[in-house]
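Asker: need coordinates for the following:
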Amino acid sequence: MNMIRVKTIALSLLALIFLSACTSPDTGSVTPVPTSQPENTILIWWNLFEPYENVKPLIDAYTARNPNVTIQYDQRGVRNGVSGYRSELDTVLNDGNPLTTPDIFTIHNTWGRAYEDKISKAPTTIVSADTTGALYPVVLSDFAYDGVLALPLYVDALAIIYNKDKLLEGAYTFPSDDWLEFSRMATNLTKYDNSNRMISGGFAAAEGNTQFAAEMLNVFMIQNGVTMSDQNGVAVFADPANKAKSEEALSTYKRFVSGSTVSWSASMKLDIASFLEKKLAMFAAPSWRLIDIINYNQEYNLGLNFGVAPLPQLGSLSDTETKYWASYWGQTVSSDSRNSQIAWDFINFISQPEQLRLLDQTIKENGRPIGIIYPRQNMSGEVLSDQRSTELLGPYVQAMSRAVTWSMKDGDIMKEEFRKVLSGQATFEAAQQILNQNE
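Answerer: So this is what the prediction gives:
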């Protein structure tokens, strides 16, 4: 049964309910159908990354309590990735036909403002302060700055993934937590052949072969005290009050690829590929990259001995001023949905501790080598249930309490413009102008 047919049936049922309510002598004003009523409701859920078997227990738990609700799950982006998913999402959200639109869909934490006018915000009667109050501060600033736009099932941040053996070869045991000393380490860990060609990098940074270069530029700017946007969400990082600090942050980050502290080159493969080939000592990535590393390490017997450390900080920052970068996804409800209250009831249900634990358990039982990082700060201790989880996920959990983003209109546009800044194809002023044109 295709989506259009399913949603046509759902709308027909709602029409019958509406007509019945209007002709009944005992009925006053028509109200949305609550989940406790026997009428059938069909919800279409578009999600990324998770196969159906991982979310099936969540769906089953909800529909067991609400047998009148059917949730049709569609894992998107399998063949065409995030960019393909976003293209498909934009198409159905803008085609003027609510029958093609999913009730529930997934957005990145830097997409909230881009999709705000396409979202039905969560009713406060469904998503209560008990739920929002338990979330990490960055989730509230990303998804609840003016009503609740979305709720994540798990969160993530950037941390340093490193090759323990390579560090030991350089007489190091752990990456430094200070960027100045870290850059010295990275330079010392960089290797060249007899032709002075880089054959092993110390730290992947700034070039086109560094996946999270744009995010790392944000990190350096924010740690350097740059105000990225004003209270209205207008980018101001290139304004006179911020420009010098922005340029200083850019210069600091680009020292990894130029000058006397080089540790990376455009001639190297993508950071994750170089790391898997033991040609990179350290790189910055979210925790989901660990899944790839663990799986490839086991499948191909690579013998990688790796660890995870928090992102370094500028030496001028105190412990209470540390800043990390958050990157995660949230579930939201389309403004086209005829069942928005029930959709939010489902999202709220699967965002509760019991269901989050069930998701974590299911994911690991289905073969994923690490679990999830809960979006609720009061559940952080549960992530670190054993030594392995503590070693691999501990730095990410540590980062989440101090993780930030900023109120950009669209994170994909930001990344594109910041990559241009890093490559010298654009200035901060040009990037800011483009970002503000999309406000």
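
Asker: so Tyr154 sits right up against Gly330, yeah?
Answerer: No: judged on C-beta atoms under 8 Å, Tyr154 makes no contact with Gly330 at a distance of 10.0 Å. Yep, even glycine has a C-beta here, placed from its N, CA and C like the rest.

Asker: next up, the contacts around Asn188.
Answerer: Taking C-beta atoms under 8 Å, 6 or more residues apart in numbering as the definition of contact, the neighbours of Asn188 are Gly170, Gly202.

Asker: and Gly202, which of the three is it?
Answerer: strand (DSSP: H, G, I helix; E, B strand; the rest coil).

Asker: again with Phe283
Answerer: Secondary structure for Phe283, judged by three-state DSSP, is strand.

Asker: ok, and for stretch 251-267, which residues are buried?
Answerer: Residues Thr252, Tyr253, Lys254, Arg255, Phe256, Val257, Thr261, Val262, Ser263, Trp264, Ser265 are the ones in stretch 251-267 that count as buried (16 or more other C-beta atoms under 10 Å).

Asker: and the gap between the fourth one and Ala205?
Answerer: Arg255 sits 9 Å away from Ala205, going by C-beta to C-beta, to the nearest Å.

Asker: same check on the second one?
Answerer: Counting by C-beta to C-beta, the gap from Tyr253 to Ala205 is 6 Å.

Asker: could you pull out the strands for the stretch 1-150 of the chain?
Answerer: The residue ranges that make up the strands of the stretch 1-150 of the chain, judged by DSSP state E, counting those that start in this stretch, are 41-48, 69-76, 104-108.

Asker: tell me which residues of the shortest one come out buried.
Answerer: Buried residues in strand 104-108, counted by 16+ other C-beta under 10 Å: Ile104, Phe105, Thr106, Ile107, His108.

Asker: now swap in stretch 216-231 and tell me
Answerer: In terms of neighbour count (16+ other C-beta under 10 Å), stretch 216-231 has its buried residues at 216-229.

Asker: of all those residues, which comes closest to Tyr145?
Answerer: Of all the buried residues of stretch 216-231, Tyr145 sits closest to Ser229, with 11.6 Å by C-beta to C-beta.

Asker: isn't the closest one up against Val404?
Answerer: No: no contact is recorded between Ser229 and Val404 when judged using C-beta under 8 Å, the distance being 11.5 Å.

Asker: circling back: higher neighbour count, Tyr154 and Gly330?
Answerer: Neighbour totals were compared for Tyr154 and Gly330, and Gly330 leads with 25 against 20 (other C-beta atoms under 10 Å).

Asker: between the buried residues of stretch 216-231, which sits nearest Met282?
Answerer: Met282 has its nearest neighbour among the buried residues of stretch 216-231 in Met216, at 12.2 Å by C-beta to C-beta.

Asker: where does pLDDT dip in the stretch 301-439 of the chain?
Answerer: Regions of the stretch 301-439 of the chain meeting the criterion pLDDT under 70 cover residues 438-439.

Asker: from Asp165, how far off is the residue sitting nearest the centre point of the chain?
Answerer: The central residue of the chain, meaning the one whose C-alpha is nearest the mean C-alpha position (C-alpha atoms, centre = their mean), is Tyr328 at 1.6 Å. Using C-beta to C-beta, we find Tyr328 at a distance of 31 Å from Asp165.

Asker: repeat for Tyr296
Answerer: Relative to Asp165, and taking C-beta to C-beta, Tyr296 is found at 16 Å.

Asker: those two - which one has more neighbours?
Answerer: For Tyr296 versus Asp165, neighbours defined as other C-beta under 10 Å are more numerous around Tyr296 (16 against 13).

Asker: OK, contacts around the more buried one?
Answerer: By C-beta under 8 Å, 6+ apart, the contact set of Tyr296 is Leu276, Leu302.

Asker: which residues touch stretch 261-269?
Answerer: Under C-beta under 8 Å, 6+ apart, the answer for stretch 261-269 is 183-184, 186-187, 189-190, 197-198, 201-210, 255-257, 274, 277, 279-280.

Asker: run the last query once more with 6 Å
Answerer: For stretch 261-269, the surrounding residues in contact (C-beta atoms under 6 Å, 6 or more residues apart in numbering) are 183, 186-187, 190, 198, 201-205, 207, 209, 255-257, 274.

Asker: dump it to PDB, restricted to CA.
Answerer: Once side chains and other backbone atoms are set aside, the C-alpha atoms of stretch 261-269 remain, and they are given as PDB (Å, rounded to 0.1, in the frame of the first residue of the first chain):
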ATOM      1  CA  THR A 261      53.100  23.000  12.700                       C
ATOM      2  CA  VAL A 262      51.800  21.100   9.700                       C
ATOM      3  CA  SER A 263      50.200  17.800  10.500                       C
ATOM      4  CA  TRP A 264      47.900  17.200   7.500                       C
ATOM      5  CA  SER A 265      47.900  17.500   3.700                       C
ATOM      6  CA  ALA A 266      45.500  17.600   0.800                       C
ATOM      7  CA  SER A 267      47.400  14.700  -0.600                       C
ATOM      8  CA  MET A 268      46.100  12.400   2.100                       C
ATOM      9  CA  LYS A 269      42.900  10.300   1.800                       C
END
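
Asker: isn't the residue nearest to the centre of the chain up against Trp111?
Answerer: No: taking contacts as C-beta atoms under 6 Å, Tyr328 lies outside contact range of Trp111: 11.3 Å.

Asker: show me the shaky parts of the stretch 1-150 of the chain.
Answerer: Scanning the stretch 1-150 of the chain for pLDDT under 70 picks out 1-38.

Asker: what do you get if the cut-off is 90, keeping everything else the same?
Answerer: 1-39 (pLDDT under 90).

Asker: circling back: report the contact partners of the residue nearest to the centre of the chain.
Answerer: Residues touching Tyr328, when contacts are defined by C-beta under 6 Å, 6+ apart, comprise Asn109, Pro152, Val155, Asp156.

Asker: distance of the second one relative to Ile222?
Answerer: So that's Pro152. Taking C-beta to C-beta, one finds Pro152 at 21 Å from Ile222.

Asker: just the third one next, same as before
Answerer: In this structure, Val155 and Ile222 are 18 Å apart, going by C-beta to C-beta.

Asker: for burial, what's the neighbour tally of Lys56?
Answerer: Lys56 has 15 neighbours, counted by other C-beta under 10 Å.
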